[in-house]
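In: 3D, please:
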Amino acid sequence: MGRRLSDADYVAVTATLARLAGLVFDESRRTGLSTIIRDRLIATDSADVVAYLARLERPDGAVERQRLLDLVTIQETHFFRIVPQMAALRDHVLPELVARSKLSGRPVTIWSAGCSTGEEAYTVAMLLSEAMARLGPFEARVIGTDVSAAALDTARTGRYFGRTVDLARQGSLEPWFEIGDDGWWQVRPDVMRLVDFQLQNLVTQAPPFDPGSVDLILCRNVTIYFSRATTKALVHRFHSTLSVGGYLLVGPAETLWQISDEYTLTQLGDAFVYRKEVRGPGVRPSSRTTSERRKSLWPVRRSADPAPVRAPAPAPTRPAPAPARARGARPPVVTPVRPARPVLPVSEGVPSAPTAADLYEAARRALAEGRYADAAERSLAAADRADSDQLMLDAYVLRARALTNLGDDANGQVALRRAIFLDPYAGHAHFLLGSSLLRTGDSSAAAAAFMAAADSLPGVPEQAIDDLLDGRKVAELVELCRQLAQAALTAPSGVPAATGPALR
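Out: This next block holds a predicted model:
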């Protein structure tokens, strides 16, 4: 085997990892994954990648499957991570859960889903111990689960060193540890007794709880590495696992926007959390049905602006910063000259070729029906034939949405940049570009895209972004963009090529 996986081997390996654990890899991780697979071929005496993958499928392949997952997952976390969320737990969520527990007689049950090496689960246990001292005794348990057996081995020891403790607020950390002369920090036994760790695959295995039995789920910085379909299925399982009124905490750069409408987004202090609310039969956050929302997928906008002036200009690789303007004002669009197409005679009885509008409508239908490859192809054809800038822009945005659902963020970003070049104030394109950049690890570019979206969305007609809003207000989406921009600015940019994505 060469230094890098061949195209066929790379597709086969990434498809296997997606099926085993929902992991999504892009081209930037190919070198690192190639190194891991080459080492495992030698360790298992496998002739080639095909033989190695076949070994994983054998009844005795469980040990090797676990070794592979341990190697391709990053375990990056620390104590008291994301301070505003920890404050929300201490000041709002835990007191409420404790009060409910004392009334029901049921222990407070908390799930750290994708717990990595245990820091998150122990942090929650520390907050529970603090609540017991403040609110009186109550029963509680924290279950930490992860797909990495190696990470769980570390978690069960409760011994930590270096960055994972250095990044925490030291003043609040020391009381919960016994600090050795050798520099290692050992979690206190009374805190460790509140936590149990279990090996569990979030994607392929059912939750290790009865339905409706968990009061709080923490699943932070996990779903950004999953496909949209995997994330939808996972948060639905979370909803079934939560008790009524239970809470779900995700990472500040993650959102359930257009992923699930089963939760209510609630602000607690400086943090936003999702909650499972009581709803009557058939009640949904939006009064429109799914089919009604699908019928409004990215309608062609009919602007009252005068026809744009066309002038030759090269398409930049990244959109230039938008000039200052009054809120809601939309300037004339300057676009490259498109060569005129010859008008050909149509013979009697011979149907004419589909127009750009026909292709766009067909692409919309394909996207609504889940035929994403068809939608991507037809929307590209529509953009190529479009004789209006608006139709071209909408076609590129629709193509990006179809490619995103196919897991092709790279080409989706190309389509979105073309849309933004056509209209620098296309707020929905900026929003989708920011989401895509965040998924692929370019957090600094994602922050810029989200800030551009927050500035330009108020100027986009609501009917043009009806499906994106999904019954909510533009102001809500603008506020979400600001939150995501801030989160992206504080996130590390990129994922090391030598490893796979985190699964915590």
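In: verify the stated contact: Leu69 with Leu20.
Out: Yes. If you go by Cβ atoms under 8 Å, Leu69 and Leu20 touch, sitting 6.8 Å apart. The way it works is simple: take the backbone N, C-alpha and C, and place the C-beta from them, glycine included.
In: neighbour count winner among those two?
Out: More crowded of Leu69 and Leu20, by other Cβ atoms under 10 Å: Leu69, with 22 against 18.
In: just give the closest residue to that one, not the sequence neighbours.
Out: Closest residue to Leu69 apart from its sequence neighbours, by Cβ to Cβ, 6 or more residues apart in numbering: Val147 at 5.4 Å.
In: what residue ranges in the stretch 301-450 of the chain score low on pLDDT?
Out: 301-352 (pLDDT under 70).
In: kindly report the same for the chain.
Out: 1-3, 26, 28, 74-76, 169-171, 224-225, 253, 278-352, 470-471, 490-504.
In: quick one, domains of it?
Out: 7-72, 83-275, 292-308+354-489 (automatic domain parsing).
In: other residues contacting stretch 218-234?
Out: 18, 22-24, 81-82, 85, 110-114, 120, 124, 202-203, 235, 238, 248-251, 253-254, 259-260, 404-405, 407, 438-439, 501-504 (Cβ atoms under 8 Å, 6 or more residues apart in numbering).
In: weed out the non-buried ones from these.
Out: With burial judged by 16 or more other Cβ atoms under 10 Å, the buried subset of the contacts of stretch 218-234 is 18, 22-24, 81-82, 85, 110-114, 120, 124, 202-203, 235, 238, 248-251, 253-254, 259-260, 404-405, 407, 438-439, 501-504.
In: please report the distance of the residue nearest to Leu69 from Ala446.
Out: Distance of Val147 to Ala446, given as Cβ to Cβ, to the nearest Å: 26 Å.
In: same thing with Asp215?
Out: Using Cβ to Cβ, Asp215 is found at 32 Å from Ala446.
In: re earlier: where strands are concerned, which of the contacts of stretch 218-234 count?
Out: Per DSSP state E, strands hold the following members of the contacts of stretch 218-234: 110-113, 248-249.
In: quick check: Thr117 is in a strand.
Out: No. Under DSSP: H, G, I helix; E, B strand; the rest coil, Thr117 falls outside any strand and is assigned coil.
In: residues near it, how many?
Out: 26.
In: excluding its backbone neighbours, what's nearest it?
Out: Going by Cβ to Cβ, 6+ apart, Thr117 has Thr154 as its nearest residue, at 4.3 Å.
In: what about Phe197, which SS state?
Out: Secondary structure assignment for Phe197 (three-state DSSP): strand.
In: list the beta-bridge partners for it.
Out: Assessed by DSSP bridges, Phe197 has beta-bridge partners Gly144.
In: contacts only, for it.
Out: 115, 118, 121, 143-146, 152, 155-156 are the contacts of Phe197 under Cβ under 8 Å, 6+ apart.
In: that one and Arg156, how far apart?
Out: For Phe197, the distance to Arg156 equals 6 Å [Cβ to Cβ].
In: find residues that contact each of these two.
Out: Going by Cβ under 8 Å, 6+ apart, residues that sit against Phe197 and also against Arg156 are Gly118.
In: so Tyr263 sits against Leu248, correct?
Out: Yes. Between Tyr263 and Leu248 a contact is recorded at 6.3 Å, counting by Cβ under 8 Å.
In: coming back round to it: closest one of the ones in strands among the contacts of stretch 218-234 to Ser379?
Out: Closest to Ser379 out of those is Leu248 (33.9 Å), distances taken as Cβ to Cβ.
In: tell me which helix or strand the closest residue to the closest one other than its chain neighbours sits in.
Out: Distances taken as Cβ to Cβ, 6+ apart put Tyr274 closest to Leu248, at 4.3 Å, once the chain neighbours are dropped. Element membership for Tyr274 (DSSP states H and E) is strand 271-275.
In: distance from that strand to the middle of the chain?
Out: Centroid separation for strand 271-275 versus its chain: 16 Å, with Cα atoms, centre = their mean, to the nearest Å.
In: output it as CSV - backbone C-alpha positions only.
Out: Provided in CSV are the C-alpha atoms of strand 271-275 (Å, rounded to 0.1, in the frame of the first residue of the first chain):
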residue,chain,number,x,y,z
ALA,A,271,-26.1,30.0,27.9
PHE,A,272,-28.7,28.5,25.6
VAL,A,273,-30.1,25.1,26.3
TYR,A,274,-32.6,22.8,24.7
ARG,A,275,-35.6,21.5,26.7
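In: spell out which strands sit alongside it in the sheet and which way each one runs.
Out: Strand 271-275 has these strand partners (DSSP bridges): strand 242-249 (antiparallel), strand 264-268 (antiparallel).
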